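>>> just need the structure, nothing else, for what follows:
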Amino acid sequence: MLERHAIRNRGTATHPLVHTVSNLDAEGTPSGAVKSTQWHSDKSFRPAPSMATILHAVTLPPDGGDTCFANMYAAYDALPEAEKKALDGVQTVHSWELSRENIGRVMSEAEKRDAPPMTHPLVRVHPDTGRKGLFMGMHASHLEGLPIDEGRARIEALEAHATQPQFVYRHHWREGDVLMWDNRCLLHHADTNFDAARHPRVLHRTCLRGTPTR
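Residues are numbered from 1 along each chain as shown. Have a look, this model is predicted:
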């Protein structure tokens, strides 16, 4: 089932199931800004994070504007056994408010009520495959039971490990491409490897509703 987006996402007023990913300003001119450049799993701040995302390339720069994906299965499998055991049962607080603050935007009270902080396992068991993978990204605020700074440092170290080149696939978009991925075992981000002040980059995104984590 398709799910709605956060209440301030572009495109939601007329099409609540479709989010326009764009570097264009209100006048339709390239703004120089590129969104979603940090590693993340879509809507990990929800009680049931998005199962999958579908992205359709509408308008692309002549070169660049790629989307990169990190394999959280492979990243977890590559950890030392002692670290895997230490991560067992660790819970991560995911916060939409914090991730917006990190990109310089203060959320309204309505947005905070719409997406309060949510807790998920740091090592997530995929509900279909039964495999374990790391579950974090830019919405991951801190670890329960640890001082915030210590928990964030641990998340950042794991993300640095998980996004090494050997775990990453880079998709070079072609106009008309439709890409679907599994948010339960991947992180992704948009690359800024194009002149966003000169060339438009417009994609349409929708997400499939997921299930609670375990």
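>>> separation between residue 214 and residue 204?
31 Å (Cβ to Cβ, to the nearest Å). All C-beta spots, glycine's among them, are computed from the backbone N, C-alpha and C.
>>> neighbour count for the two, which is higher?
When residue 214 and residue 204 are compared for neighbours, residue 204 comes out ahead with 17 against 9, by other Cβ atoms under 10 Å.
>>> wait, a strand at that one?
Yes. Counting by DSSP: H, G, I helix; E, B strand; the rest coil, one finds residue 204 located in a strand.
>>> now it. Nearest residue, chain neighbours left out?
residue 56 (4.6 Å; Cβ to Cβ, 6 or more residues apart in numbering).
>>> so where do the helices sit in the chain?
With DSSP state H as the criterion, the chain has helices at 72-77, 81-87, 96-101, 109-114, 148-162.
>>> which of those helices comes out lowest on mean pLDDT?
Mean pLDDT per stretch puts helix 96-101 lowest among the helices of the chain, at a mean of 67.
>>> who's in contact with residue 55?
Contact partners of residue 55, counting by Cβ atoms under 8 Å, 6 or more residues apart in numbering, are 21, 67, 178-180, 203-205.
>>> look up the residues forming beta bridges with it.
Residue 55 has these beta-bridge partners by DSSP bridges: residue 179, residue 205.
>>> with residue 131 as the reference, measure out to it.
Using Cβ to Cβ, residue 55 is found at 24 Å from residue 131.
>>> out of the helices of the chain, which is closest to residue 44?
helix 96-101 (9.0 Å; Cβ to Cβ).
>>> tell me, what residue is most central in the protein?
Against the mean C-alpha coordinate of the chain, by Cα atoms, centre = their mean, the closest residue is residue 40 at 2.5 Å.
>>> give me the number of residues near the closest residue in space to that one that isn't next to it in sequence?
Nearest residue to residue 40 in three dimensions, chain neighbours excluded: residue 137, at 3.8 Å (Cβ to Cβ, 6+ apart). By the criterion of other Cβ under 10 Å, residue 137 has 27 neighbours.
>>> wait, residue 137 touches residue 187, no?
Yes. Using Cβ atoms under 8 Å, residue 137 is in contact with residue 187, at 5.1 Å.
>>> mutual contacts of these two, please.
The contact sets of residue 137 and residue 187 overlap at 39-41, 159 (Cβ under 8 Å, 6+ apart).
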